[in-house]
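**Q** Model the structure of this input:
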Amino acid sequence: MKQILLVACLSVFVLAGCSEKVDKEKSENYIQHLELSKHEKSLIQAVAGDNPTFLYEFKVDEKWKSVKLWVEKYEYGQLKEKEAVAISVGIEEKGKFVVSFSRLPNGKPNTIVRVSVIDDNAIYSNEGNIKLPQKSSSASENIVSEKVKVEHDMVLAQLIYSKQDQGISIGNWDLYDDPSRLAEKTSMYSAVYFVRCSFFEKGI
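**A** Residues are numbered from 1 along each chain as shown. Got it, this is the predicted structure:
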């Protein structure tokens with residue numbers, strides 16, 4: 001139910017045109033973290049709780065026809081799940097991405113991961129279950145925060161889990177376009193989830 005409410009809240013933001021501030025001096029092909037107002041953040045918090053939720057907006061020219069958005073898992077720097085959850089859709093000039101992690105109630109190990117691509121006409125979503133570590137520390141980061149140029153293969157965010165007695169240090173690494181190097185940088189952790197996307201010149 002919370003997943004449905006989360007998407008409903010975000011669709012309202014889209015229709016209202018929130019955070020639609022385009023710097024004309026920047027490239028026409030960009031992606032950045034979606035900044036929300038305090039009111040919008042409180043609505044997301046009310047629905048999603050403290051579960052990690054990543055939001056982005058993008059704008060592209062007619063060269064780019066489709067996008068793939070997915071979550072993959074690494075263990076100690078080794079790829080274990082290439083597409084834990086994924087979605088591929090055709091895109092228009094502009095749109096938004098939403099990726100949310102929601103633990104199931106009553107201490108159950110499964111976590112629902114939902115990936116969504118939103119434009120002015122529709123919301124395209126897919127979801128799946130993954131098992132996040134139960135007894136561990138965690139930290140998350142938007143790797144893409146400021147406006148950056150759209151690339152074919154990008155890492156948007158990371159969610160890191162470590163053993164209880166191991167601290168987590170997230171460096172300020174500008175490695176959104178270098179997934180292999182980013183995996184090396186986080187290879188000391190038992191579970192790392194990357195939120196990733198790829199833009200394509202071909203349609204779906």
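**Q** Show the subsequent helix or strand relative to the longest strand belonging to the chain.
**A** In the chain, with assignment by DSSP state E, the single longest strand is strand 78-90. Next along the chain after strand 78-90, taking DSSP states H and E as the criterion, comes strand 94-103.
**Q** Mind listing the strands that following strand pairs with, and their directions?
**A** With DSSP bridges as the test, strand 94-103 is paired with strand 53-59 (antiparallel), strand 110-118 (antiparallel).
**Q** mind listing what the longest strand of the chain pairs with, with the direction of each?
**A** In the sheet, strand 78-90 lines up with strand 66-75 (antiparallel) (DSSP bridges).
**Q** Of all the residues in the partner strand, which ones are buried?
**A** When neighbours are counted by 16 or more other C-beta atoms under 10 Å, the buried residues of strand 66-75 are found to be 66, 67, 68, 69, 70, 71, 72, 73, 74. Where C-beta positions appear, they are placed from N, C-alpha and C, glycine not excepted.
**Q** mind listing what residue 62 touches?
**A** The neighbourhood of residue 62, defined by C-beta atoms under 8 Å, 6 or more residues apart in numbering, consists of residue 93.
**Q** hang on, the earlier thing: looking at the buried residues of strand 66-75, which is nearest residue 160?
**A** residue 74 (9.6 Å; C-beta to C-beta).
**Q** how near is that closest one to residue 96?
**A** Using C-beta to C-beta, to the nearest Å, one obtains 26 Å as the distance from residue 74 to residue 96.
**Q** for residue 204, same thing?
**A** From residue 204 to residue 96 the distance is 18 Å (C-beta to C-beta).
**Q** quick one, which of the two is more surrounded?
**A** Set side by side, residue 204 and residue 96 show more neighbours around residue 96, with 22 against 11, by other C-beta atoms under 10 Å.
**Q** Is that one bridged to anything, and to what?
**A** residue 57, residue 118.
**Q** So it sits against residue 55, correct?
**A** Yes: between residue 96 and residue 55 there is a contact at 6.8 Å, judged by C-beta atoms under 8 Å.
**Q** Please list all residues in contact with residue 142.
**A** Neighbours of residue 142 in contact, by C-beta under 8 Å, 6+ apart: 33, 54, 156, 157.
**Q** Is it bridged to anything, and to what?
**A** Assigned bridge partners for residue 142, using DSSP bridges, are residue 157.
**Q** does residue 73 really touch residue 80, like I thought?
**A** Yes: in this structure, residue 73 is within contact of residue 80 by C-beta under 8 Å, at 5.0 Å.
**Q** Including distance to residue 200, could the contacts of residue 142 go into TSV?
**A** Below are these laid out as TSV (distance: C-beta to C-beta, whole Å):
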residue	distance to residue 200
33	22
54	21
156	16
157	21
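**Q** What segments of this structure are helices?
**A** Residue ranges of the helices in the chain, as given by DSSP state H, are 2-16, 38-48, 179-185.
**Q** Least confident of those helices, on average?
**A** Looking at the helices of the chain, the lowest mean pLDDT belongs to helix 2-16 (a mean of 49).
**Q** hmm, back to that, would you put the C-alpha positions of the longest strand of the chain in CSV?
**A** C-alpha atoms of strand 78-90 as CSV (Å, rounded to 0.1, in the frame of the first residue of the first chain):
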residue,chain,number,x,y,z
GLN,A,78,32.4,-8.7,-7.2
LEU,A,79,29.1,-8.4,-9.2
LYS,A,80,26.6,-10.9,-7.8
GLU,A,81,23.2,-9.7,-9.2
LYS,A,82,23.4,-7.8,-12.5
GLU,A,83,19.7,-6.9,-12.6
ALA,A,84,18.1,-7.4,-9.2
VAL,A,85,15.3,-5.1,-10.5
ALA,A,86,15.2,-3.4,-13.9
ILE,A,87,13.0,-1.5,-16.3
SER,A,88,13.5,-0.4,-20.0
VAL,A,89,11.2,2.2,-21.6
GLY,A,90,11.1,4.7,-24.4
